[in-house]
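Student: no FASTA, just this:
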């Protein structure tokens, strides 16, 4: 079954919110001098950002 654009859009919103939360924690870790944690969280942020882009393409494809 092909996902609906609305379902994919909802997932994209949830992913954006999750990314923002991870970014917030990464920045806090960096400010606190916890470089190892900041590095890991910024890597997670990059992966989530890539996933958001791919999901955005899927949303666009589902609308056509």
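Tutor: Sure, I can see it. These numbers come from a predicted model, not from an experiment.

Student: What pLDDT is listed against residue 5?
Tutor: Per-residue confidence (pLDDT) for residue 5: 89.

Student: and the nearest residue to it once chain neighbours are set aside, how far is that from residue 7?
Tutor: Distances taken as CB to CB, 6 or more residues apart in numbering put residue 62 closest to residue 5, at 4.4 Å, once the chain neighbours are dropped. Bear in mind the C-beta positions are built from the backbone N, C-alpha and C, glycine included. Look at residue 62 and residue 7: by CB to CB, to the nearest Å, they are 9 Å apart.

Student: of these two, who's got more company?
Tutor: Neighbours were counted for residue 62 and for residue 7 using other CB atoms under 10 Å; residue 62 has more, 15 against 12.

Student: What residues does the more buried one make contact with?
Tutor: By CB atoms under 8 Å, 6 or more residues apart in numbering, residue 62 lies in contact with 2, 3, 4, 5, 8.

Student: Three-state assignment for the residue nearest to the second one when sequence neighbours are not counted, please.
Tutor: Leaving out its chain neighbours, the residue that sits closest to residue 3 by CB to CB, 6+ apart is residue 62, at 6.4 Å. The three-state label for residue 62, taken from DSSP: H, G, I helix; E, B strand; the rest coil, comes out as helix.
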